[in-house]
Structures are given as structure tokens and as C-alpha cells.
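Visitor: got a predicted structure plus its sequence, pasted below:
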2 protein chains.
Amino acid sequence: MKVSQKGLYALKALTLLGRRYSEGPIKIREIAENEELPEKFLELILLELNHARVVESARGAKGGYRLKRPPKEIFLGEIIRIIDGPLAPFEDAESLRRLVGEDKQHSELFRVFLAVRNAAAGILDHTSLADISGAQRS
Amino acid sequence: MKVSQKGLYALKALTLLGRRYSEGPIKIREIAENEELPEKFLELILLELNHARVVESARGAKGGYRLKRPPKEIFLGEIIRIIDGPLAPFEDAESLRRLVGEDKQHSELFRVFLAVRNAAAGILDHTSLADISGAQRS
DNA sequence: CTAATCTCTACTTGAATAGTCGACTTAGTC
DNA sequence: GACTAAGTCGACTATTCAAGTAGAGATTAG
């Protein structure tokens, strides 16, 4: 698993949307300026997140983006999967499980890969935007 | 962190060298045939592992490769770092630690990345070639 | 209507991945 | 010592992916 620049941008943008969840829609330009992200590229990213139903958009004047769910219901694992693909260090969890069963010569190796992916998923699927927003925790 | 085909080939080749550690040097061709790896590409990989002092070579007739240390002293994390770079999902552990300290807006995010890398390193730096050789464990 | 804003397709540029090729060097064997 | 079986190493290629950029179109507020 690898988090690309694009993935990092997505996470930064979403963190901001999380922090300002109570406000109305926020413009791409504003997100780009606040987080210092390339605006045109950010467009693509938010579009992708929109299609994946993580955010929702309002078009036209007064438009912008907001989270589709509360920050504590959006997990980092979900975002990374959308932008950068599976969390496993090689292929994906399903392929690895198959390989563990089928490739006898290397089943121990693939089992280790699977353990790594499970460790990553354990963290990323339990850390939400709320957790990284820097807001006070109860 | 991402394990490339090249990284997988390296791990497969080393697993074989681990299993046959007691034999003398094993030819590239033999490794390539046994593990079904592209021979010329495997050459490059073994050369790189040689430079990194993971394996050692014997040239000329009767030549080949053998592990430079016993299988249980060679860890997967080491191999992956040589072939595919740092274990962190973004940048490397040092950069992440710096970012946690310096980028206040995103320090929680980088802290999570660091936790993921530590989890991966915890597994990969404690799993040796002996552990994945499929030999009987005591 | 018009200005602001998101939507979407296409393109570009550079780097990385996954190899291949061929000449060279080294070291056993007869 | 010649022959031959290896590893060494630089150069080359093809394909894919990353990270953007550009620009026309669609939608909505006022």
C-alpha cells in the first residue's frame, strides 16, 4: 500500500471539510488556498470523492463541497482505497488469501503480506476524519 | 509501502536460497527455473542483493549465489527496504516524525501514517527467511 | 442574463516498472 | 592453457502510472 500525493491531497482536503463540517458547502478554491493544494488537481480529486459518495457538491454560485457523512463516520481506510487502491502491500486482501491457499511454495510469505495489510486496515479503518481533525477529544 | 514484482521476485529467490542454505552456491538459472522468474531480471536483483550484502556470489564454473547469513538472520523488512524502499505508506519514518512535529495542521494524520509504518515494520522486521521457508518449526 | 462554481474529457510530461541485450570478467576443468 | 560455465554491468526499450494542466460544458443564485 502506498499513499500518493493525490491521496495525501484528498486526506488534507477532507480533513478541512471535517473541521468545517458545520458550515455550508466550501468552494474548491477555498480548500485549495487553505491547504495549499493545486486547484485544478483538487477538482479531480473531489470529483472522484463525490462519485464515491464521500462528499457531495452544490453547483452554481454559492456552491462547493461538504462531507456526505459526519467526520467520525468517514475512515481513512475508505479514502485511501478510493484514491490509491487496496491497503495490502501486494495485490489485495482477496488475492492474498487465494495465494495463501493455492501457492504452497510461498503461502507463508503471502500470509505475512496479509498480516501486514490487516495491521494497516486495523488502524486505517478505525481512524476517522474526526480523529485527525485536531479538535478536542472527549 | 508497496512490494513490487521485483520485490516479490527477490523474496521468492531468497526463500529458495534459504531452504537450500546448506547446499553450495546455486546458479541464477536454477533459481529462475525453480521459481519461474525471468532469468535476466533475476540477475539484476541478485546483483543488487549482493551489493547490499544479503547474498554472496561465486563466479565461474560451479558458481552461483548463497545467502551471506543464515536464513533466520535475514528479515523481510530488510529485503523490502533494499528493493522497494521504506516501509512507511508515505515518505519514510524520519520524514513522518519530522512532519508530525512541524506540520501542526496535519500532525495527527502523519501520526497515523507513522503508526501504520510501525505496525508493518513490527511484522516485517521480525519475520525471517527461516520463518517463511515452510520448514518445520520447533 | 451573467457570474460563479462544479463537471468532465483530453492532453502532457516525467518518472518508475519490468524487463532485455550484449559485451566483459572470473574461475573451474580437461 | 584453452574452453566453458558462470556472474557483472552498462545501455536500451516498452509500458504504465503519477501529477498535473487546459478548456469547454452544465448548473444555479441573484
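Guide: In hand now; what should we look at?

Visitor: hmm, who's touching stretch A:127-138?
Guide: Contact partners of stretch A:127-138, identified using C-beta atoms under 8 Å, 6 or more residues apart in numbering or on different chains, comprise A:11, A:14-15, A:17-19, A:67, A:70-77, B:104-109, B:112. C-beta here means a position set from N, CA and C on the backbone, and glycine is covered the same way.

Visitor: helix, strand or coil for the residue most central in space within chain A?
Guide: Geometric centre of chain A, nearest residue: A:I79, 1.6 Å, by C-alpha atoms, centre = their mean. A:I79 falls in the helix class when you classify it by DSSP: H, G, I helix; E, B strand; the rest coil.

Visitor: can you check the one 10 residues further on too?
Guide: Of the three states, A:P89 takes coil according to three-state DSSP.

Visitor: can you tell me how far A:V100 is from DNA strand C?
Guide: Going from A:V100 to DNA strand C by C-beta to the nearest atom of the strand, to the nearest Å gives 20 Å.

Visitor: sorry, wrong one. I was asking about A:A93.
Guide: For A:A93 relative to DNA strand C (C-beta to the nearest atom of the strand), the value is 19 Å.

Visitor: stretch A:72-92 close to chain B?
Guide: Yes. Stretch A:72-92 reaches chain B (C-beta under 8 Å from any C-beta of the partner chain) through A:L76, A:I80, A:P89, A:F90.

Visitor: give the contact list for the second one.
Guide: A:I80 makes contact with A:M1, A:V3, A:G7, A:L11, A:L87, A:L124, B:P89, according to C-beta under 8 Å, 6+ apart.

Visitor: per-residue pLDDT, it?
Guide: On pLDDT, A:I80 comes in at 98.

Visitor: what's the answer for the first one, then?
Guide: At A:L76, the model reports a pLDDT of 98.

Visitor: hang on, isn't it packed against B:V112?
Guide: Yes. The pair A:L76 / B:V112 is scored as a contact, 6.4 Å apart, by C-beta atoms under 8 Å.

Visitor: overlap in contacts of the two?
Guide: A:L124, A:T127, A:I132.

Visitor: nearest to chain B, of those?
Guide: Using C-beta to the nearest C-beta, A:I132 is the member of the shared contacts of A:L76 and B:V112 that lies nearest chain B, at 3.9 Å.

Visitor: count of neighbours near the closest one?
Guide: 22 (other C-beta atoms under 10 Å in any protein chain shown).

Visitor: A helix includes it, no?
Guide: No. According to three-state DSSP, A:I132 belongs to no helix; its state is coil.

Visitor: quick one: the closest residue to it other than its chain neighbours and A:S133, what's the gap?
Guide: If the residues on either side of it in the chain are set aside, A:I132 comes closest to B:E108, at 3.9 Å by C-beta to C-beta, 6 or more residues apart in numbering or on different chains. B:E108 is 7 Å from A:S133, where distance means C-beta to C-beta, to the nearest Å.

Visitor: ok, now which ones touch A:L17?
Guide: A:I26, A:I31, A:V55, A:Y65, A:R66, A:L67, A:L129.

Visitor: near DNA strand D, anything from the helix or strand that contains it?
Guide: In this structure, A:L17 sits in helix A:5-19 according to DSSP states H and E. Yes. Counting by C-beta under 7 Å from any atom of the strand, DNA strand D is contacted by helix A:5-19 at A:Q5, A:K6.

Visitor: alpha carbons of that helix, as CSV, please.
Guide: Extracted C-alpha coordinates of helix A:5-19, given in CSV (Å, rounded to 0.1, in the frame of the first residue of the first chain):
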residue,chain,number,x,y,z
GLN,A,5,0.4,12.8,-3.4
LYS,A,6,-3.1,12.6,-4.7
GLY,A,7,-4.1,10.5,-1.7
LEU,A,8,-2.5,12.9,0.7
TYR,A,9,-4.3,15.9,-1.0
ALA,A,10,-7.6,14.0,-0.6
LEU,A,11,-6.9,13.4,3.0
LYS,A,12,-5.9,17.0,3.6
ALA,A,13,-9.0,18.4,1.8
LEU,A,14,-11.3,16.1,3.7
THR,A,15,-9.7,17.0,7.0
LEU,A,16,-10.5,20.6,6.3
LEU,A,17,-14.1,19.7,5.3
GLY,A,18,-14.3,17.7,8.5
ARG,A,19,-13.1,20.6,10.6
